[in-house]
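Asker: turn this into a structure:
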Amino acid sequence: ASFYFRFVSLQSPTASMPQTASEAASIAASTKPAASEDEEESPPMSTLVFVSYVILAAVTFAANYVSIPVHVQLLLSATLPIYIAAHNSLDMKQEESIKSNDAWKAPLVGSAALFGLYVVFTLLDPYW
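Answerer: Next up, the predicted model:
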């Protein structure tokens, strides 16, 4: 659905819809925006991050077929995503900062969410 939306939004309103998948692919390839010269390419993935992805996927799938000790699975499935996300965040550009309007809304929204949970847990029967 997102490909279709992007494809339709890139076409001009007078253009006809493609009849085959190859026509759609060729139109989508021709409408791809060119990368500007000042855009930096993302650095290649480090070996440790790649190994972390592989271990995380292996533990996730192997747990369905092989008995993995709980503490090993928990340790790997908790620490590897943190390592991967921290390493990937080093490569990101800092483009957005929190605004003062958002800063004063955050405690209010959090308090309302916690109060809502409190009300739900106190009013619902313990069976649920």
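Asker: phi, psi of residue 45?
Answerer: Main-chain torsions, residue 45, degrees, to the nearest 10: phi -70, psi 130.
Asker: and it, how far from residue 89?
Answerer: 14 Å (CB to CB, to the nearest Å). Yep, even glycine has a C-beta here, placed from its N, CA and C like the rest.
Asker: likewise residue 120?
Answerer: Relative to residue 89, residue 120 is positioned 34 Å away (CB to CB).
Asker: who's more crowded, residue 45 and residue 89?
Answerer: residue 45 (14 against 9; other CB atoms under 10 Å).
Asker: ok, residues contacting stretch 52-62?
Answerer: Outside stretch 52-62, the residues that touch it by CB atoms under 8 Å, 6 or more residues apart in numbering are 68, 73, 76-77, 80-81, 83-84.
Asker: in TSV, list these along with pLDDT and distance to residue 106.
Answerer: Output for the contacts of stretch 52-62, formatted as TSV (pLDDT from 0 to 100; distance: CB to CB, whole Å):
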residue	pLDDT	distance to residue 106
68	89	38
73	91	34
76	92	32
77	91	29
80	93	29
81	94	24
83	92	27
84	91	26
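Asker: list buried residues within the residues you listed.
Answerer: Buried members of the contacts of stretch 52-62, counted by 16 or more other CB atoms under 10 Å: 68, 76, 80, 84.
Asker: report all helices and strands that the helix or strand where residue 73 lies contacts.
Answerer: Taking DSSP states H and E as the definition, residue 73 sits inside helix 70-90. Counting contacts by 3 or more CB pairs under 8 Å, 6 or more residues apart in numbering; DSSP states H and E, helix 70-90 packs against helix 47-62.
Asker: send the alpha carbons of the helix it packs on over as PDB?
Answerer: Taking C-alpha atoms only, helix 47-62 is exported to PDB below (Å, rounded to 0.1, in the frame of the first residue of the first chain):
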ATOM      1  CA  THR A  47      31.400  -6.000  11.800                       C
ATOM      2  CA  LEU A  48      30.300  -6.000  15.400                       C
ATOM      3  CA  VAL A  49      26.900  -4.600  14.600                       C
ATOM      4  CA  PHE A  50      26.400  -7.100  11.800                       C
ATOM      5  CA  VAL A  51      27.400  -9.900  14.200                       C
ATOM      6  CA  SER A  52      25.000  -8.600  16.800                       C
ATOM      7  CA  TYR A  53      22.200  -8.700  14.200                       C
ATOM      8  CA  VAL A  54      23.100 -12.300  13.300                       C
ATOM      9  CA  ILE A  55      23.300 -13.400  16.900                       C
ATOM     10  CA  LEU A  56      20.000 -11.700  17.800                       C
ATOM     11  CA  ALA A  57      18.200 -13.400  14.800                       C
ATOM     12  CA  ALA A  58      19.800 -16.700  15.600                       C
ATOM     13  CA  VAL A  59      18.700 -16.600  19.200                       C
ATOM     14  CA  THR A  60      15.200 -15.500  18.300                       C
ATOM     15  CA  PHE A  61      14.700 -18.400  15.800                       C
ATOM     16  CA  ALA A  62      16.700 -21.000  17.600                       C
END
